[in-house]
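*Asks:* compute the structure for the input listed below.
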Amino acid sequence: MAHAYPLCSSPSSTFSDFTTRISSPNSFTNPKFPNRKFKTFFSFQPPNSLEAAKHNDPHANSSPLSKSKIWVNPKLLNSNRVWSKTHSAISSLAKLHNSSDPNEREVCEILKGLGDNVKEVDAEHVLHNITNPEIVILAVKYFQKKIEPERHVVLYNVLFKLFREINDFEKAEKVFEEMLQRGVKPDVVTFSTLIRCASVCSLPHKSVELFERMPSFGCEPDHNVSSSMIYVYARTGNVDMALKLYDDAKNEKWPVRAVAFSALIKMYGVLGNYDGCLSVYNDMKALGVRPNVTLYNALLYAMGRAKRAMDAKSVYQEMKKHGFSPNWATYSALLEAYSRGRLSKEALSVYKEMKEKGMSMNKALYYMLLDMCADVGCVDEAVEIFQDMKHSKTCEPDLIAYSSLINMYSCLGKVSEAEAMLNEMISHGLKPNVLVLTMFVHCYGKARRTDDVVNIFNRVWEIGITPDGRFWDSLLNVMTNLPKEELGKITNCIEKANPKLGYIVTCLTEGSEDDGYFIKETSELLSSADGGVKKSLCNHLLDLCVNLGVQDRARDLLDLGLTLKIYSDIQSRTETQWCLNLKKLSVGAAMTAFHVWVDDLSKAFESGEELPQLLGICTVHWRHRRSEKDLASVFESYLKELRAPFHKATKMDGWFITTSQDAKSWLQSRRSTETVADLNSVLVIPTEDLSPLIELL
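*Replies:* Numbers count the residues shown, from 1 in each chain. Sure, this is the predicted structure:
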């Protein structure tokens, strides 16, 4: 038969050697107090074990230990007996666990085994180890008779903790009201547990009610309550309270749970305060709080909505560095961030990784990927993703998916591919809407197939589709790329369905004298246009003005755009620099703004006003384009043509800068009567794509 402790030669010799060691004169000396020896051996062993050791040890009678009295802590002995009783009670109560209607008499009989002198700690131990709430309630009733009333709150707190673990706030609330009726005063632990219970049960208003009742019971929130309420107020959108409690927690140096940080990040994300999201994240790192996957996902989603793809990439790298594995929500957030930020390589890498791991894609993720591929020209990748959609059982291509591919082919001028995609869409029972037809206006316009543009318009007119602002905007875009002799074909279409816009275009193409009515009609048109198309309409009208050589009308339109706040912050001045910000302006609008700015510089210089040390022109485009010429390249050529002293900044993409001295020299030599021909000689208005339209479906 195998022995339990084979390393010992015999229990008796082992015990004898050990007792000899502890009884030697030099044993158990404290290194801090070498002259102070411990003469008493404090330990606990069950009495029967000591007796057995005594009988089995042949040297027991002669051992120093036999002559010394062994003191055994009676509290430990009593504790051992009680713990054995509590374990027995817990074991017996566990047998009642599956009972749907536990019997109070049975519960009482089991708990009587603990004896009459039941301690609070024993009651807690029993209650903590019962998982059936009905049995716990009966046990609480029993223990209330055994424990002094002022400590009954401890029993209730254990019960509330169980309700929190099983997500049953309804019962917890009933027991809480019963507790108050019995005159039991709740403490901070009571409120902390109930608040978290309401929170995990998605009842934030109940958490708020409990929090607001705390002062009436003389309870001050502790760090647990504060952390829970930061989460609650952040999730319910009560920004002021969430931030107040958050600031209080930081001032008091209270710990804040990761779930509260996550809620704050989501709150800031909803508000569009994405710097606030990163600030909370940095606070969390500075305070040493370990993040979790949920928090990382919340931050990634916020960065995705903000189109801050590089920030999302940094957060993801930190997440992997700390050993967290991405889940579906992580990949979803990354796809949104990379797709919206046009980081095509990273987005496609995430997509492939999801496929390798067998993770499913939903339509929203497919839409974002297709839209990104269409916008940055990843044709092969877009076709592959589209084919994946076809083979999926839950995300077969719909109108939005087909629209993305049609938009991509349209922007690339691939007419036959766009037409093939349209035919396939129709064969699947999907009818083209005004957005799809608008894309074909753009597609045929870019290919300079004016008659096909007219045919599209006639089709829209015949089937009764009401053209929207984007349709008119697309027709104007086509006109900016047509020779003057073909403009009438498009003008006739516009006049037929939108007389106000038709009048404006006719005034520009025919060079009518300004009778004051032109600006009035244009103001009404732009004021009534949807916000998403207002600036684009104004841009295209300015492009048309520049192409037709009606610079005075272009200046009037630019001034109208500033008056209507379609354009803002085009010029900025500080003591050290004057800047011209052409962001979000078309080439025609940017050229017009440039000439107005140069005139302003000339007036300032001629009046004796001191020019700043630096003058700059910003031509950074506001999104990716696939135009043959972008704003920066057009401006670079034009500035050389004018012999203007502006040079490309080496460290700032899209910026042209000059010094005050060079600017003064140029302004002095500049002809006072610059002709319009100078402006028109190099203007080539690039065709714009319709990628923003896909987001409206």
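*Asks:* just give me the neighbour total for residue 643.
*Replies:* Per other CB atoms under 10 Å, the neighbour tally for residue 643 reads 9. Where you see a C-beta, it was placed from the backbone N, CA and C, and this is true even at glycine.
*Asks:* now residue 183, what's its secondary structure?
*Replies:* Secondary structure of residue 183, reduced to three states by DSSP: H, G, I helix; E, B strand; the rest coil: coil.
*Asks:* next: residue 572.
*Replies:* Classification of residue 572 by three-state DSSP places it in strand.
*Asks:* list the contacts of it.
*Replies:* Taking CB atoms under 8 Å, 6 or more residues apart in numbering as the contact definition, residue 572 lies against 578, 579, 581.
*Asks:* can you list phi and psi of the second one for me?
*Replies:* So the one you mean is residue 579. Note on residue 579: its backbone torsions stand at phi -130, psi 150 [degrees, to the nearest 10].
*Asks:* the one helix or strand residue 380 maps to: which residues count as buried?
*Replies:* Here residue 380 sits within helix 379-391, counting by DSSP states H and E. For helix 379-391, the neighbour count (16 or more other CB atoms under 10 Å) marks 379, 381, 382, 385, 386, 388, 389 as buried.
*Asks:* nearest to residue 548 among those residues?
*Replies:* For residue 548, the nearest member of the buried residues of helix 379-391 is residue 379. The distance, counting by CB to CB, is 35.0 Å.
*Asks:* tell me who's in contact with residue 567.
*Replies:* 535, 538, 558, 561, 584, 585, 589, 593.
*Asks:* repeat that with 10 Å
*Replies:* Residue 567 is in contact with 535, 538-539, 542, 558-561, 581-582, 584-585, 589, 593, counting by CB atoms under 10 Å, 6 or more residues apart in numbering.
*Asks:* what of residue 588?
*Replies:* Going by CB under 10 Å, 6+ apart, the list of residues near residue 588 reads 480, 539-547, 554, 557-558, 679, 683, 685.
*Asks:* go again using 7 Å as the cut-off
*Replies:* Applying CB atoms under 7 Å, 6 or more residues apart in numbering to residue 588 gives the contacts 542, 543, 545, 546, 554, 685.
*Asks:* next one: residue 184
*Replies:* When contacts are counted by CB under 7 Å, 6+ apart, residue 184 touches 152, 153, 156.
*Asks:* wait, is the first one part of a strand?
*Replies:* No - counting by three-state DSSP, residue 152 is not found in a strand; it is helix.
*Asks:* mind jotting down where the strands sit in the stretch 501-650 of the chain?
*Replies:* 571-573, 577-581, 614-618, 647-648 (DSSP state E, counting those that start in this stretch).
*Asks:* any idea of the mean pLDDT for the last one?
*Replies:* Same thing as strand 647-648. With pLDDT averaged residue by residue, strand 647-648 scores 90.
*Asks:* and it, which strands flank it?
*Replies:* Sheet pairing here is set by DSSP bridges, and for strand 647-648 it gives strand 655-659 (antiparallel).
*Asks:* residues in contact with the nearest residue to residue 656 once chain neighbours are set aside?
*Replies:* When the adjacent residues along the chain are set aside, residue 656 lies closest to residue 646, with 3.9 Å between them (CB to CB, 6 or more residues apart in numbering). Applying CB under 7 Å, 6+ apart, one finds that residue 646 lies in contact with 617, 639, 656, 657, 658.
*Asks:* other residues contacting stretch 311-328?
*Replies:* Counting by CB under 7 Å, 6+ apart, the neighbours of stretch 311-328 from elsewhere in the structure are 278, 293, 296, 299, 300, 303, 304, 334, 337, 346, 359.
*Asks:* can you give me the pLDDT of the spatially closest residue to the third one that is not a sequence neighbour?
*Replies:* What sits nearest to residue 296 in space, not counting adjacent residues and going by CB to CB, 6+ apart, is residue 319, at 4.5 Å. The score at residue 319 is 93. That number is its pLDDT.
*Asks:* just the element for residue 319, please.
*Replies:* Using DSSP H and E, the secondary-structure element containing residue 319 is helix 309-321.
*Asks:* whichever helix or strand comes after that helix: which residues count as buried?
*Replies:* Per DSSP H and E, helix 309-321 leads on to helix 328-340 as the next helix or strand towards the C-terminus. The neighbour-count check on helix 328-340 (16+ other CB under 10 Å) flags 330, 331, 332, 333, 334, 335, 336, 337, 338, 339, 340 as buried.
*Asks:* how about stretch 176-193?
*Replies:* Judged by neighbour count using 16+ other CB under 10 Å, the buried positions of stretch 176-193 are 176, 179, 184, 186, 188, 189, 190, 191, 192, 193.
*Asks:* and the two most separated of those residues?
*Replies:* 184 and 192 (16.3 Å).
*Asks:* give me the mean pLDDT for the helix holding residue 380.
*Replies:* The average of the pLDDT scores along helix 379-391 is 93.
*Asks:* output the contacting helices and strands for it.
*Replies:* With contacts defined as 3 or more CB pairs under 7 Å, 6 or more residues apart in numbering; DSSP states H and E, the secondary structure elements packing on helix 379-391 are helix 363-376, helix 399-411.
*Asks:* would you list those helices in JSON lines and tack on distance to residue 133, mean pLDDT and mean neighbour count?
*Replies:* Converted to JSON lines, those look like this (distance: least, CB to CB, whole Å; pLDDT from 0 to 100; neighbours: other CB atoms under 10 Å):
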{"stretch": "helix 363-376", "distance to residue 133": "41", "mean pLDDT": "92", "mean neighbour count": "23"}
{"stretch": "helix 399-411", "distance to residue 133": "49", "mean pLDDT": "92", "mean neighbour count": "25"}
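*Asks:* what residue ranges in the stretch 101-250 of the chain score low on pLDDT?
*Replies:* Under the criterion pLDDT under 70, the flagged ranges of the stretch 101-250 of the chain are 101-102, 113, 115.
*Asks:* so what's the residue nearest to the spatial centre of the chain closest to, chain neighbours aside?
*Replies:* Here the mean C-alpha position of the chain is nearest to the C-alpha of residue 302 (CA atoms, centre = their mean), at a distance of 2.1 Å. Spatial nearest neighbour of residue 302, excluding adjacent residues (CB to CB, 6+ apart): residue 269 at 3.5 Å.
*Asks:* hang on, the one you found packs against residue 277?
*Replies:* Yes - at 5.6 Å, residue 269 and residue 277 qualify as touching, with contact defined as CB atoms under 7 Å.
*Asks:* so what sits against both of those two?
*Replies:* Common neighbours of residue 269 and residue 277 (criterion: CB under 7 Å, 6+ apart): residue 302.
*Asks:* quick one: which of those two has more around it?
*Replies:* Using other CB under 10 Å, the more surrounded residue of residue 269 and residue 277 is residue 277, with 27 against 20.
*Asks:* show me the contacts for the more buried one.
*Replies:* Neighbouring residues of residue 277 by CB under 7 Å, 6+ apart: 265, 268, 269, 299, 302.
*Asks:* what stretches of the stretch 401-550 of the chain score poorly on pLDDT?
*Replies:* Residues of the stretch 401-550 of the chain meeting the criterion pLDDT under 70: 514.
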